[in-house]
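Trainee: Need a 3D model of the following:
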Amino acid sequence: MVWTNRLLAYLTIFFNFLLFFSYLSYLANPVSSIWISFLGLGYPLILLSNTILLIVWVLKKKLFFLTTLLLIIAGMYHHSRFFQINPILKNNTYHTSKIKIMSFNVRLFDLYNWSNNEKIKSNILSFVKKENPDIICFQEYYYDTSNEFVTRELIVEELGYKYYHESFTSESKKNAQFGLATFSKFPIINKEELGFKNDHSNHCMWTDINITADTIRIYNTHMGSIRFNHSDYNIIGGKGSPLWPHQEIPKQDIVNRLKIGFFKRSQQLKELLPKINSSPYKNIICCDLNDTPISYAYNQFNNYYKDAFTISGLGVGGTYIGNIPLLRIDYIWHDKDLDSKNFKTHREEFSDHRPISVDILFK
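Mentor: Model prediction:
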């Protein structure tokens, strides 16, 4: 019994240290502290391990549980970024109007039939029609100039989005256009974009939209793509990167790809944040960040803007569909002088990302 308790104590101390350093990952630039970034990525499992150890010590009626309990309580800020209870609109300021914003990585509308379901595109469009957002931002958007795989025309004609802004990457092909798109029911008065220097498939665009008496700037961005291969997805889950008959099985390379992704986002933030912070309008940011709420990249946005999930989300906010629990990598941020309510992480699985939406309130 003595040896069992001693081993359990060493294990508890070990996981306490892991949890403590995972809390610091939101402050640590991956370029200088990559190991802390990896601890942050493992935060959900580290927290779960500490919770189990806490319960064990409580059942043993040993005071050793106190350090773990205090450490978990100290991390409530981080926990609230992954899980929300009792959402309340705390600001009772009078609001003159509201708009519904949606952000959705549609994974090319399942162009290559990864899901073995040829109705995915029509399901996505039906879902958007049902939810009826005023503005929707698509990441991994696809447009076929030959009209063999129709997207834009259906969104405009069948869903009623008269105004749109598309931005395609330099990796687009003759007829196949890959990138971002923002569709709006309100007039668009200006369009701009920014291509990131370290990854030509990642970029950002911003759209100035006139809403009654206000003009807002909608940022739509896809950052730090990790580019997992077929073997990687077999481990982490998800629906991406199928293996075609002519291809050999690639080598599994999750750790190195994650490391590259951390470095990418750190550099991309240096290009993007000055652009956003110099905006003359109120900002709303729809972002596939490819990183979690305990990360350095998340914290750089959160220093300046409100994460709508933390204002009015409910339950687990995970947006990535795979084997890793609680993986929230899609966000809607907005200016601190705007309010929001009814944040929702939708349960539909039409992509490897869940769509998210929120009502933005104007004072």
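Trainee: quick one: the helices in the chain?
Mentor: For the chain, the helices defined by DSSP state H cover 2-23, 34-41, 43-59, 65-74, 76-82, 120-131, 152-159, 230-236, 254-277, 296-302, 308-312.
Trainee: Any chance of TSV for those, columns mean neighbour count and mean pLDDT?
Mentor: Where C-beta positions appear, they are placed from N, C-alpha and C, glycine not excepted. Formatted as TSV, the helices of the chain follow (neighbours: other CB atoms under 10 Å; pLDDT from 0 to 100):
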stretch	mean neighbour count	mean pLDDT
helix 2-23	15	91
helix 34-41	20	91
helix 43-59	17	93
helix 65-74	15	93
helix 76-82	17	92
helix 120-131	17	96
helix 152-159	15	95
helix 230-236	17	54
helix 254-277	17	90
helix 296-302	21	96
helix 308-312	23	94
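Trainee: Output those in a markdown table; the columns should cover distance to residue 106.
Mentor: What follows is the helices of the chain, written out as a markdown table (distance: least, CB to CB, whole Å):
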| stretch | distance to residue 106 |
| --- | --- |
| helix 2-23 | 31 |
| helix 34-41 | 25 |
| helix 43-59 | 26 |
| helix 65-74 | 37 |
| helix 76-82 | 24 |
| helix 120-131 | 6 |
| helix 152-159 | 11 |
| helix 230-236 | 18 |
| helix 254-277 | 21 |
| helix 296-302 | 22 |
| helix 308-312 | 20 |
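Trainee: how about stretch 126-145: buried residues?
Mentor: 128, 131, 133-143 (16 or more other CB atoms under 10 Å).
Trainee: do stretch 347-363 as well
Mentor: Using 16+ other CB under 10 Å as the test for burial, stretch 347-363 gives 350-362.
Trainee: how about the buried residues of stretch 126-145, which pair is most distant?
Mentor: Greatest spatial distance in those: 134 and 142, 22.8 Å, computed using CB to CB.
Trainee: Point out where the stretch 201-350 of the chain drops to low pLDDT.
Mentor: 226-253, 325 (pLDDT under 70).
Trainee: Tell me the confidence at residue 85?
Mentor: We have a pLDDT of 79 for residue 85.
Trainee: ok, it - how many residues close by?
Mentor: Using other CB atoms under 10 Å, the number of residues around residue 85 comes to 8.
Trainee: Report the separation between it and residue 188.
Mentor: 38 Å (CB to CB, to the nearest Å).
Trainee: now swap in residue 302 and tell me
Mentor: Taken as CB to CB, the span from residue 302 to residue 188 is 27 Å.
Trainee: Same check on residue 286?
Mentor: Residue 286 sits 15 Å away from residue 188, taking CB to CB as the criterion.
Trainee: Tell me which of these two has more neighbours.
Mentor: residue 286 (29 against 18).
Trainee: Identify the bridge partners of the more buried one.
Mentor: Counting by DSSP bridges, residue 286 forms beta bridges with residue 220, residue 332.
Trainee: Quick one: end-to-end distance for stretch 190-205.
Mentor: Separation of the first and last residues of stretch 190-205 by CA to CA, to the nearest Å is 11 Å.
Trainee: For it, which residues meet the burial criterion?
Mentor: Using 16+ other CB under 10 Å as the test for burial, stretch 190-205 gives 193, 194, 195, 196, 199, 201, 202, 203, 204, 205.
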